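Peer 1: Structure, please.
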Amino acid sequence: RALKAKNCPLTVPDLRPIAERAFSAKGLYNPCVALKIDDDIVPNDIVFDEKASIYVLTGPNRGGKSVITCAVGLAQVMLQLGMFVPAKDAQITIADGIFTHFPTGADDTIDKGRLGEECARLGEIFDCVTANSLVLLDESLSSTGSYEASYIAAEVLGGLAHVGCRC
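Peer 2: As a prediction, the model looks like this:
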């Protein structure tokens, strides 16, 4: 009701067969942000398909990278709960798992250090992820230098591409 009162579009998603591994949303937005701001929301279109199943977002701080990443996850969760999706139009397949790797803020880095903890969490994702999964990474590997992070990120993205999941 609150989103409708702010004229934010909600759609009944077109549930696609699992074999399609589809995620296509036009006018996608983050409903949590939409409810907190007085300004107009900035919608985005995103399509995971045979042309692009992995997106790497770059840009300045406060540029919206985390906001759209969360919007994708929220749309997937809302679909799977049988809810309307925060978009003008959406065709989405059920995911067998939604895996996230966001900064934890936790202090459980005594044994492994922060990078070791991040890599352990990535390893746990790889233990479970399938071609029908959705993986959302945000500020992963920011605990190390750019050279090391680039090398590890290339390996992680290569592994996710090999699995064939949406990321």
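Peer 1: Spatially nearest residue to residue 13, not counting backbone neighbours?
Peer 2: Nearest residue to residue 13, sequence neighbours excluded (CB to CB, 6 or more residues apart in numbering): residue 90, at 4.2 Å. To be clear about C-beta, it is placed using only N, CA and C from the backbone, and glycine gets the same treatment.
Peer 1: Now do the contacts for that neighbour.
Peer 2: 11, 13, 14, 24, 25, 26, 28, 75, 79 (CB atoms under 8 Å, 6 or more residues apart in numbering).
Peer 1: cool, residue 138 as well?
Peer 2: Under the criterion of CB under 8 Å, 6+ apart, the contact partners of residue 138 comprise 65, 66, 69, 70, 100, 101, 102, 103.
Peer 1: okay, the contacts of residue 90 in JSON lines with neighbour count, pLDDT and distance to residue 132 next?
Peer 2: Formatted as JSON lines, the contacts of residue 90 follow (neighbours: other CB atoms under 10 Å; pLDDT from 0 to 100; distance: CB to CB, whole Å):
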{"residue": "11", "neighbour count": "18", "pLDDT": "97", "distance to residue 132": "22"}
{"residue": "13", "neighbour count": "24", "pLDDT": "96", "distance to residue 132": "17"}
{"residue": "14", "neighbour count": "14", "pLDDT": "96", "distance to residue 132": "17"}
{"residue": "24", "neighbour count": "20", "pLDDT": "97", "distance to residue 132": "16"}
{"residue": "25", "neighbour count": "27", "pLDDT": "98", "distance to residue 132": "18"}
{"residue": "26", "neighbour count": "16", "pLDDT": "98", "distance to residue 132": "23"}
{"residue": "28", "neighbour count": "25", "pLDDT": "98", "distance to residue 132": "20"}
{"residue": "75", "neighbour count": "27", "pLDDT": "98", "distance to residue 132": "16"}
{"residue": "79", "neighbour count": "23", "pLDDT": "97", "distance to residue 132": "14"}
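Peer 1: In helices, which of the residues you listed appear?
Peer 2: Members of these lying in helices (criterion: DSSP state H): 75, 79.
Peer 1: re earlier: for the contacts of residue 138, which one is nearest residue 160?
Peer 2: Among the contacts of residue 138, residue 101 lies closest to residue 160 (CB to CB), at 10.8 Å.
Peer 1: So what sits opposite that closest one in the bridge?
Peer 2: residue 137 (DSSP bridges).
Peer 1: and it, what does it touch?
Peer 2: For residue 101, the contacting residues are 118, 121, 122, 125, 135, 136, 137, 138, 140, by CB under 8 Å, 6+ apart.
Peer 1: can you tell me how far the second one sits from residue 47?
Peer 2: From residue 121 across to residue 47, the span is 28 Å (CB to CB, to the nearest Å).
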